[in-house]
Structure formats: structure tokens, C-alpha cells
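A predicted structure for the sequence below; I have some questions about it.
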Amino acid sequence: MKPNLHHPLTRRSFLADMGNGFTGLALGAMLHRDGWAGGKVWSPPTGQPHFAPKAKNVIWLFMNGGVSHMESFDPKPMLTKYGGLTIAESPFADTQDPEKLALERLVVPDANGNQRNTLYPLQIGFRKHGQSGIEVSDWFPHVARHVDKLAIVRSMWTTDSNHGAQKQFHSGRHQNDGEFPTLGAWVDYGLGSMNDNLPQFISIGKRPYWNQRDGYYLGPAHDAVPLRIDPDNPLDFSHSERPFAAEAKGIGKDLIRRLSTIQSARYPGDPAIAARIASYDLAFRMQRSVLDVMDFSKETAATRSLYGIDLPHCRDFGMQLLAARRMVEQGVRFIQIQHGAGGAGAWDAHGKLKANHSRNALAVDQPIGGLLDDLDSRGLLEQTMVVFATEFGRTPGSQGADGRDHHIFGFTVWMAGGGLKRGVVHGATDEIGFHAIENRHYVTDIHATILHQLGLDSRQLEIPGRKRLDIDHGRPITEIIA
Amino acid sequence: MNIRLLILMLAGSGWMLAGSGWAIAAVGIVAEDRVDYLKQIKPILRERCFSCHGALKQEADLRLDTVAMMIQGSHSGTVLTPGDAHASTLVERVATTDITERMPPEQEGEPLSNAQVNLLRRWIEQGAAAPQDEKAEADPRDHWAFQPIVRPAVPTVDNTEWGKHPVDAFLAHQHHQRGLTPQADASRLILLRRLYFDLIGLPPTAEEIAEFENDQEPEFYARVVDRLLEDRRHGERWARHWMDIWRYSDWWGLGQQLRNSQKHIWHWRDWIVESLNADLPYDEMVRLMLAADEIAPLDLSKVRATGYLARNYFLFNRNQWMDETVEHVSKGLLGLTMNCAKCHDHKYDPILQTDYYRMRAFFEPYHVRMNMVPGESNFSLDGIPGIFDGLPDTPTYLFVRGAESNPDRSKTITPGVPDFFNFKKLAIEPIALPVEAWHPQRQSWVIDAYLFKAKQKIESAKEAVTSTREKLGKAKKSAKEVEIVQAQLKVAEADLAMAHAESVSVKCRVEAMRAGWESTDHPDHSGAAARAQFEREKTVTAVQAERKSSVLKAQHHIAIAELALLRTADDKNKKSAAEKTFKLAQESFEKVKAIASSEVKPDEPYTRLPGAKWTPTRFFDSTKDDPTVEFSAQSTGRRTALAHWITDRRNPLTARVAVNHLWMRHMGAPLVPSLFDFGRKGIRPTHVELLDWMAIELMDNGWSMKHLHRVIVSSKAYRMGSSLAQGEANIAKDIDNRFWWRRTPMRMESQAVRDSILAHAGTLDDTLGGPPVLPKEQATSVRRSLYFFHSNNQRNLFLTKFDEAPVIECYRREQSILPQQALALTNSKLVLDAAKKIAPRLAEGIHDDVSYIRKTFAVMLGISANEAEIKASHQSLEAWRQMSHASKIEARVHFIWALMNHNDYVTIR
């Protein structure tokens, strides 16, 4: 639509007025004006990448609760070999060097999140796959088919040994530090929209252990828009909650538009009037476009079965991933999918790990494999980063008879597509999967890698008065970038 | 979805184009030969070096804020040799890779980039030219907000309209200097709507509008202001503002486990509402919130105020709790970012790292407890969350670099304020508390509440017996039925017997407690032995009564188990479980019976009836409560001392911060945009004198907020129109309206949006106060939105769409415009149901469409409809009527719905 601004309001003051995280933005603008900004002239993001991007979209798959790294993408046969021995009795006693354990930051001593000393054998077999010969556990046969597309980082660490680590994985900060914007919010803040009809940052699935917020000091405009893969109720207030004839609504919409035009003659240059009417247009379009995204009738039976939609055990996750692919096609920037509701997250296998992980893997493996197939065959994988992450790994030692506890010292994340190397393993844990020992990476290195592929420099996004630490920014993992 | 999208659409181009159109020079590194010191060098030094080598601190006696001082150098000589970068220590120290030598030091910041170092080199090689009369960085002591507040002279303004009111005079003075012409008054219709939303958070009714528009008296405006300030809805409106700032939150946790804030914290909310309505002075409110447990320990009504600190409760981690307390007491009440000094000395303000922990030490002893309210002895049903100094001896340590894992135990930090703000000596005196404060069971109502509860139980048990007997009389269908009702009667009778025994037990325990108080209150010798003997007798009786009560309780369980046996007799699956329960009930009956017949041991205690309960923490183990924190006869007096320091007239920050908050909520924008930072990193206001004048005005009038409301809303400045029309000359000079030449329109807060919808529909429930409306009740509730349960985890869906207050920190509400708001306003039940009610309400006494349209525009939007609006509305009404099945009223319902989606429906003009 045409601009309705009679006066050349600057983008800066517009943002300040409209409250796009205005505490930070208005502050920054005024700091600049008052000569307080120091070495840099601060300006809000233009919506353009800072340098040529390799990727456009992110599909972020987060496994709530903590996936066992040893029984997924970092197999450790030594666990089986020495199973039943205490770590102290095993050849790996040095893993318990207190200095190496010091990075843990507790919220409170807890029954969970403790050292478990008796080595617990692997509960599933594993084998080599693909040209690269990377080992993957037998719980993930479909993902394993694509192992030559993955960049697997086996040397992650974090600091919160309880499920606050879910938040930490997304914001980069321990929960004792307070509340900070999440990765998706930074991306949303930094980059412009690719489609005027859909939200750019979408969240699907439950987030049991953290607040339904992402933007924090960037403003609620950068919170993810929660979407349900349910054509009857995909988006809050997406349908009239009382009968309302379409014709009557149409007449009303026309009237709203006409009245806005009249009101903007009274208040020429008032950006709120123009922004509000634009938000109405977008809202009406969104109601359609959101439903379109979920209309799987346009997909072939072959595609649907690729995602396992016909199978009860992976139907829900399959639909979410198929919707994600459709969103990528529609230009949604960041699709964050959380798997595993209930408790602190479905993967939280303190007991009965074998049953727990085989059930959960069954639910996600085929859909993820299908997603990678589908993206690749459509040529979308080069522009789309698929990320498989979890808040921490699980202990090499057993908890109770048949479980594993939370483990922050070493765990695995993999990424695929978006200009990353294919079929590589980066970093390593020790022989029992206890400590990340090679090319160690804190969670924000994953953020930095993604931002880098999207063409963003997180330091250029920083807001005056909200100083971020080096570790908040992280470093791109250049070794896995193609 | 974000607002940028909308802006880009407004610009009428794709995002690539739009972006480049707005591009602003990013970094001051310009590829020119000559390095510009002021533009390219000084900003780097300011950002990276001044905090230690500037006006705030002079590490190594070195300052880098002028070229002359760089040449003068540190205690070991010059750091800058113009023309010779190689010889300049300045370059050497920032360029070195030796981490022990590098500046800034490792813990203080990242190294300078190569580009920055090269720039510095080139500048020095080029001769390090100093600008003429280069000024050193201002002394922090001269910072505007740290100066004592004195009443500034009101400027004389040569303008009859704008010269009368001091607020106007300060603004007009600047208008005159800058050649700005303020906009004329808004229309009466707009003014009335503005006043209503501003002062009571609700729109005026059609009758109120008519009355106001027809009032010919010169005092018409002041009269409305007075009336609204006395309206009890005023307290509700402004309470919500202060609840944002003071971080109000209902409790939250995981499932049913309380982890943050407190149950029944709404008592604090009610205290805020009542205090604002009673115009309790701001300084008194602050003192009570910080220390009512010391200042008025026996006045439960005032103790409610300490919900301010009880809200910071966090089950698992004391450091997080203390950090939030220090951060938000400082930001919210003082406009100081003490939190920036947690890990190192403050980079901008004269606050040392130690000061952060000194501030924490004021709060170190406090814990949270639930006080009993008159009439309710069950703490899970009601109670007043308050605070008490439970751990007076817990030491406060500085955390090295802020790490809780690294406390410096060599030195205990004592409570104190930064030296810089030490305008008065803090007098921290321990406070002896009245016995009822630390023996809350002695408050008169506590015993009454227990006795009342016991009596209530007997009454309801009696009723159950009677009704079961009647049932037995009517039960004739089958032997089985009779048998079951007989068993039910047995249960009811057992319940009654239990209630009687429980009542006796309560009474005996009350007597034993009283006997105990006699002993503790008179510890002298005369009669001590007799008192001890008396207490012993009463104790034995109490123990026996309690034992008897448990025997009857066990019998009650048996009766219930017998009933279950009867009921499950024919059900194989459930039968065995019932038999098991019965067996267990019998066993436990035998156990308590055995105990009851044994002799009471000399030290055997009875269960005390508490008048308050410590809210347990789990700092040491997430699975079990920490050792009980006992109430103490003495409070440290630390918080009282802090409260008096904060509210001392000489404190340069408190009143300034408060009036800035008040001003922003009336005027749409603050005078000091950095609301929580009045320090040197904050933003200097354009109108320091106006701010100071209002701060003095507040203090001189007994810190009366109603006085300040009246001052602000009676100014011309408040009454201006918000239009930019005819403002071209002003726009050219001050597009951001920093000099207040027009009214700043505001998007309503979430609560005002919803309340206004209900008010228009005539369904708004005007009940004041009480427990929050729980999430499951909200869909059908018509209470004001401030009463909705609102926590970190649970918020009302409709309200979230309009930027509701984050409970972590909300010094200013966002005012976003998002598609989700459009969806909520077009599709929600709330709006659609309201439209149905509003349409006929506004039609009362009106017969033709044009009058109807005029009236709806006035009431719903505060707009005097013009011809174009009438025409458009009329056409739409006709179009709706031409739809099949559309009656006149349905057309009007649709019309109301459309107006609720008008921008001005959610705007305060």
C-alpha cells in the first residue's frame, strides 16, 4: 500500500514511537543524538544482512529434556565394555577431575543433575553410514540415511545442569543471569521479512521449562508467534469466535479502511493510523496464509508418507515438519519446533532410557529424514539450515537401574544445509562421552554459526545500554562452514 | 511478526530498497587520509578507556579524556608522543598481545580491533593534533541528577496563556527560544476522554460526555479533574502503573509447586489501590514497602505493603533473589543501575563493586512469611505475605567478578550506600519488635480464627448427621440401600465426634499456649514455679486432647473404609483395594489408641497453632525444605534505615525518578527517557528545571501524588491537541516532539483496552479488590483486568496481544501495533459479544441513523463525526441491512464492531 505519511518521519522516530523494543531503540537513538554513543554511530538494523548470506531460513528442531548423545550421534562403545564399573575403577577416572567439573552452575542442588558414577552400557547398537562412515545409533535410521549431509558437532557444553538449560540454549545465558533475547528473536530483529503474509518467527510445540517469550529487551514484537498445526485453530483469534457472515465482515473491513483514511486527514502524518490499517490488512491475509501453509491436501501421497504422516507414532511431528517446509517455501525466516511435551521434556530419561529414547526417536526420526529428503529434492536445503539440538546430553553413568541423568560437559548438536559442510564430524568427547575435549563449543557458537550463515554480525545488532559479553556472541564454527 | 514489516510496507517498497533508503553511516572509520580526532579517536577512547582513565577514575593517575592529559601521562610518564606512534605507550598497551600488559585488561573488555589500533597509530603519526580548548570529561559530581534538588525559579514568559501555570512556563520558555508554536487545546470531547482514561482508566459515558460539553462554568475542567481523582477507580488505574514498575506478579512455579512470588500476593495489590485512593504520600508508601514489618509490625493492613519484597521470593536460589532485589530497588526507586556494579566497579557512575554488595546487605536477613488474616486459619485459603528479618547473622560477601561460586570470605560486607550519596549518616539501629510480631499467634484474631473454624466444623458435621438421618428415614428401596445409608450415617457421626474432639483439642492447646506466654512474659522468680506447674498441667491436657482427636480421626477413617467396603462388595476389582484400606485404617487406629492410653512424656510437645508461617526455601537441596527460619524478637533495622535514606528530602534521585514516572504516564513520553537510569549513562532530560520543579512540588506537598496529578493535568501542555496539522514549522525544528509542542498520543495499555470494551458494553463489574481472577475463570469474567491472575507463566491471552507488563521488568509499556491485535479485535468473543450489547445501549432514545452515528463516534472514539464519516458509516449500515436476514440491530452490531477496530478505539489522543 501507499505510504500515508505526509511528513518524512524518520524510521528511527517511527520505531521509537511505535515501540519496536523502544526502550532500547529510543535510548540508542537519543544516546546517539546526545553524543553518548561512543565509538560507533548506532542505528537500528536496516533489515539487510551485514554481509552476503549463505542461508535464508532456519528450521530449528529442539528436543526437550536432553537426548543421550552416546545413544544418538556420538556412540561410545567403551560404555558397553566397561559397563557396571564405577568411573573411578575404569580407565577414565580422570574425567572426574574437579577442575574439569567446575563449569557447572547450579540454581539449587537437586536430585537430578548429579554425577552418576557407574558406567551404563549403550542401550542400542550403532553402525557406520554413508560415504563419510559416520557412526549413528540404530534409533535414528532415517537421519542416518542423510549422514553425508550433516555437520555433527560432538563437543558442546553448557553450564546449567537442570532444564533451565533449555532457555540457556536459546538465549545463551544461564537463568540466574536474568532474561535475554533468544536466537530467533535476534534473527527476527536483524533481518527483514521475506513474506508480508506470514510471521517471520514461528514457534511450534511446547516449551515446558521456559517462558513464552523471546524478544525480551528487543521488544515483544520479536517474540515468536505460536502456531498450532491444527487447521481448526492454528493461531490465536484466527477465526471469529462467534458466527460472523463473511459478507458482513467484508463490509466492515471496507468501513474500517474508509474511516482510517478520514482520520488520517485529521491527523496527517500520524504513523499509528497507517500502521494499524496495514496491520489489519496483514491480519486478514495471515488468516488465509496460515491456513494455506497447513493445507496438506496439496501435497502428494508420496510426500506425506515421506514425513510419516500416515503412521500414528510420528504423525504429529511429521505434520509439523511438513508445515515447516511449506513455511520455508513461503519465506518464513525462523521456524522453531520443540519436540516432547510433558514434565521437563519428553527426552528426560532419568529411568527406562531404552523405552523412552526408542519411543521418542521413533516419533522424530522418520519425519526428520523425510524433511531432509524433501528439502534436498526441492533444492531448498542449500538455503535452509536444519538444526537438531537439545539442552544437554545424558550421563555416561546410570541413574537408578536404567536411566541417565543430565549431562552438561559434553553433548551433540547437528546441523545440515545452509552452506555448511556435508558429512563432517567436528569436535569430540572423551571415550566415555563425558567431557568435550576437542574443539569445545558453548551453545552460543551454534548461534554465531547460524547468524553467520544468515549474513548477520551479532555485534552490529547490539543495542546501546545492553552490553553483551564475548561469550554471548559466541564464535562461528568456521571448520564446518563450506 | 514484527512492526518493521509494516513500516516497510508503508514505505511502499520491498525490503531491499527500503533498507538502503534508510542506511545510516555505520561506523566512524572513514577512508580519509587525515584522521579526525573528535570523530574517530575520541569516541573509541570514551567507550573503551574513560571509565578507568577519565573523570570517574584515574587508574595509574592517567586520564585520557584530553590530548593534553595524555601527553601529561600517568605516574610513570607520558603515554603519547605526537608524531611518534612507536614511542607512545598508549599504542603499545592497546596493541600488545601480552595479556598481562594489554589494555583494556582481560576482565574489563575485549581488545581494540586492528583497525582501531591502526587508526590510533595514524592519528599519532599525523601529529596527534589537539582541538582548541579541549574540555576534560565532566566531573561525575557535577552530573545533573546527582545535584541536590532545589526549587528552580519559574521563568517569566511573555504569553498570557502559557505563562500562568509553572509547568507551561518552563515549556513555553523553551518554545520561545526554539521558535516552536504549541498546538491549540484539544476539543472538549477529546479532553474528557483523555482525562477519563488517564485518571480512572475507563471511558466517559454518553451522559458524562453530554454534561461536560454543556457545562458553561469556567471551572468545568477542574471539576471533572477533582471528581475523577476522588473516584475509587482512580486507585485501580494508577495501581496498575505502579504494579508495572514494582514488578507485581502472582505466584508461579512448576505445576503446584510455588517457586516465585507468593500465594495471596494480591493483598499487596489491594494495598496499592487503597493507598493511592487515600493519597498516601509516596515517601510513606516506599517506606512501608521496604520496612512495614519494622515500622508498623502489628498493623497487618500496612504489612501488606511488604509484598513488594515478598514478591522477589525465589524457592531455589538466594543469589538470584537478592540480585533482583538490589537491581530493582535501585532502578525503580532511585534510577540507579546498581546491577552494573555486580561484577566490577560501575563504568559510568560513582558506584563501586563493593557498593553493590553493601546494598545487598540491607536485604540479606529478610525472609518471607505468611501472616494469618482474621477469620481464616487455613493459610492455603488466605493469608498476607510479608517479610521479616530471619537471618540477621548471615554474612554478605563480595562475589569476585560477580561469580556466586567465588565469594570473598575474607571480608564481611556491611550495609551501606555508595559514599557519593552519603548525604546523611545511615543510622542502622536494631529494632525491638512487639511480642505479637514474633509470636504472631498472640494476635487476638489468630485464636479466634482457630476457634471459629473448629465451631464451623461442628456445625457442618451436625448438619450432615441430620440430613443423613432424614435420608435413612426415606431409604426403603432395598436392604442394601438401607445398609449403605446406615454406613453413611456412621461416617457422619464419626465426623461429628471428630469435630467435637478437634474443637476440644484447639481449646486445650489455646490454654496451654496462653499458659506458656504467662511463663515467658514473667520470667521473674515470684510465682515462676507455680506458673511452670500450671503450664505443665495445661500442656498435658493439650497433648491428651490432641491424642483423643487423632483417635476419633482414625475412627472416622474406619467408618469411611467400611462404607467403601459395602459399596465395592460386588466389584471384584475394587474390593481388594477397599479391604486393604480398611485394614490400614484399623491398624492406624490401633496405633493411635495405644499412644492415647500411654502416659504423657515430660517433654512431649503439643502442636502449636501458628499465627504466621515461614515460607520455606530450598537453597540447599531442591527436594527438601531448608531448616526453619524462626521469627525473632529483634529486627536488624537495616531496611528502615535504607527506606529513610531513600525518602530523605536530600536524596537527589527519589523524587526526580517518581515525577518522571508520573509525567510519562500522563503525557505519553518521559522527561528522562532512560526511566531507570538517571546516571551518567542515562539520557539528560531536555527540561531539567521542570523535572526539578515538579520534584520539589511533590515533596513540598507532603509527597502527595494526587497533588502532582492535578498540577500536570491542569497545565495547557496536557490539554494540547495531538495533531501534526499546521505543525510544519515545528516539525522542521523538532520532529520528535522533545520540546512538547503537541500532545503525544498513546496506545492504550492492555488492561485499558479490555476494561474499555466491558465499560462500553455496560457489563464491567466494579467490585474493588480481592483474590485474582484465575485463568480458567477469565473468559467469562467481567472484573477489571488488573484483577486477572498475572504471573510470569500465566497471563490472559487477550491482554498478551496488547503488550501486557512483563513481570521481570517493566518500567515502560511497549506500544506495538501488530496483526495479532487486529485478530483479537476482530475475532474474539470478548469483542463480538460486547458489540451485541453496545449496539442497543447506544440506541436508547435515538431514532435515526445520523444521530446514532454521531453518538457512537463520540462515545466509542471521542470523535465528533464529520460529514465524510457519517456518510461512510451510513452507507455501511445500509449495505449490512441489504444482506439477507439482517435486521436493523444486527447492522448496528456490525457497525459497533467496525468502530472497535478503529485506530482511535485503542488510542488515547
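In hand now; what should we look at? Remember, predicted model here, so these are calculated numbers, not experimental data.

Pull the distance from stretch B:800-815 to the chain's centre.
Offset of stretch B:800-815 from its chain centre (CA atoms, centre = their mean, to the nearest Å): 11 Å.

Pull out the buried positions in it.
B:800-807, B:809-815 (16 or more other CB atoms under 10 Å in any protein chain shown). Where you see a C-beta, it was placed from the backbone N, CA and C, and this is true even at glycine.

and what of stretch A:49-63?
Burial within stretch A:49-63, assessed by neighbour count using 16+ other CB under 10 Å, is assigned to A:49-50, A:53-63.

Which pLDDT does the model give the closest residue to chain B within the stretch 301-450 of chain A?
Using CB to the nearest CB, the single residue of the stretch 301-450 of chain A nearest to chain B is A:A344, 8.3 Å away. For A:A344, the model assigns a pLDDT of 82.

Can you classify it as helix, strand or coil?
Using DSSP: H, G, I helix; E, B strand; the rest coil, the structure places A:A344 in coil.

moving C-terminal of the helix or strand of chain B with the lowest mean pLDDT, what's the next helix or strand?
In chain B, the helix or strand scored least confidently by mean pLDDT, DSSP states H and E is helix B:15-22, which has a mean of 28. Next in sequence after helix B:15-22, counting helices and strands by DSSP states H and E, comes helix B:42-48.

ok, so of the buried residues of stretch B:800-815, who is nearest B:G702?
Among these, B:Y811 lies closest to B:G702 (CB to CB), at 25.4 Å.

ok, that closest one touching B:R247?
No: the criterion here is CB atoms under 8 Å, and B:Y811 misses it with B:R247 at 9.8 Å.

which residues are common contacts for these two?
B:G332 (CB atoms under 8 Å, 6 or more residues apart in numbering or on different chains).

Tell me the buried residues in the helix or strand hosting B:L120?
Element membership of B:L120, judged by DSSP H and E, is helix B:114-125. By 16+ other CB under 10 Å, the buried positions in helix B:114-125 come out as B:116-121, B:123-125.

just these that are near chain A?
Of the residues in these, proximity to chain A by CB under 8 Å from any CB of the partner chain holds for B:Q116.

next one: phi and psi at the residue in the stretch 651-800 of chain B that chain A sits nearest to?
Going by CB to the nearest CB, chain A is nearest to B:L724 of the stretch 651-800 of chain B, at 4.4 Å. Per-residue torsions, B:L724: phi -90, psi 0 (degrees, to the nearest 10).

With adjacent residues omitted, what lies nearest to it?
Once flanking residues are discounted, B:L724 sits nearest to A:G269: 4.4 Å by CB to CB, 6 or more residues apart in numbering or on different chains.

So that neighbour versus B:I731, what's the distance?
Counting by CB to CB, to the nearest Å, the gap from A:G269 to B:I731 is 8 Å.

so who does the residue of the stretch 301-450 of chain B at minimum distance from chain A touch?
The nearest approach of the stretch 301-450 of chain B to chain A comes at B:F316, 3.5 Å away (CB to the nearest CB). Residues near B:F316 by CB under 8 Å, 6+ apart: A:107-108, B:259, B:617-619, B:622.

now do A:R325
A:59, A:371, A:374-375, A:378, A:380.

For it, pull up the helix or strand it's in.
Per DSSP H and E: helix A:315-330 holds A:R325.

touching chain B at all, the helix or strand that comes right after that helix?
Moving toward the C-terminus from helix A:315-330, the next helix or strand (DSSP H and E) is strand A:334-339. No: using CB under 8 Å from any CB, strand A:334-339 stays clear of chain B, coming no nearer than 11.6 Å.

Can you tell me what sits against strand A:334-339?
By CB under 8 Å, 6+ apart, strand A:334-339 touches A:57-64, A:183-184, A:187-188, A:200-207, A:224, A:317, A:320-321, A:324, A:327-328, A:346-347, A:360, A:363-364.

now the helices: where do they sit in the stretch 451-600 of chain B?
For the stretch 451-600 of chain B, the helices defined by DSSP state H, counting those that start in this stretch cover B:479-521, B:528-567, B:572-597.

swap that for the stretch 251-400 of chain A, sorry
Going by DSSP H, counting those that start in this stretch, the stretch 251-400 of chain A shows helices at A:271-293, A:301-306, A:315-330, A:353-377.

and these as TSV, adding mean pLDDT?
Formatted as TSV, those follow (pLDDT from 0 to 100):
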stretch	mean pLDDT
helix A:271-293	87
helix A:301-306	96
helix A:315-330	96
helix A:353-377	97
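
export those to CSV and tack on distance to B:E844?
Listed next are those as CSV, based on distance: least, CB to CB, whole Å:
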stretch, distance to B:E844
helix A:271-293, 30
helix A:301-306, 57
helix A:315-330, 49
helix A:353-377, 59
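
Isn't B:H367 up against B:I387?
Yes: between B:H367 and B:I387 there is a contact under CB under 8 Å: 6.9 Å.

Now chain B against chain A: closest residue?
Taking CB to the nearest CB, chain B has B:E47 as its residue nearest chain A, at 3.0 Å.

Could you pull up the residues touching A:G379?
So A:G379 contacts nothing (CB under 8 Å, 6+ apart).

actually A:R154, sorry about that
A:69, A:73-74, A:410, A:412, A:425-429, A:436.

Quick check: pLDDT value at B:L6.
37.

And the contacts of stretch B:762-777?
By CB under 8 Å, 6+ apart, the surrounding residues in contact with stretch B:762-777 are B:202, B:232-233, B:236, B:250, B:264, B:266, B:269-270, B:273-274, B:382, B:755, B:758, B:781-784, B:787-790, B:794, B:796, B:834, B:837-838, B:841.

For PyMOL, write a command that selects the buried ones of those residues.
A single PyMOL command selects the buried members of the contacts of stretch B:762-777 (16+ other CB under 10 Å):
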select buried, chain B and resi 202+233+236+250+264+266+269+270+273+274+382+755+758+781+782+783+784+787+788+789+790+794+796+834+837+838
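
Just the ones of the contacts of stretch B:762-777 in helices?
Counting by DSSP state H, the contacts of stretch B:762-777 place B:232-233, B:236, B:266, B:269-270, B:273-274, B:755, B:758, B:834, B:837-838, B:841 in helices.

so where's chain B uncertain?
The model of chain B has pLDDT under 70 over residues B:1-32.

mind listing what the most centrally placed residue in it touches?
The residue lying closest to the centre of chain B (CA atoms, centre = their mean) is B:R247, at 2.1 Å. Counting by CB under 8 Å, 6+ apart, B:R247 touches B:311-312, B:328, B:332, B:807-810.

Most widely separated two among these?
Using CB to CB, the two most remote members of the contacts of B:R247 are B:N312 and B:C810, lying 15.0 Å apart.

Show me what whichever strand or helix holds B:A872 is in contact with.
Using DSSP H and E, B:A872 sits in helix B:867-882. With contacts defined as CB under 8 Å, 6+ apart, helix B:867-882 is touched by A:248, A:251-252, A:254-255, A:258-259, A:262, B:849-850, B:853-854, B:857, B:863, B:865, B:886, B:888, B:890-892, B:894-895, B:898.
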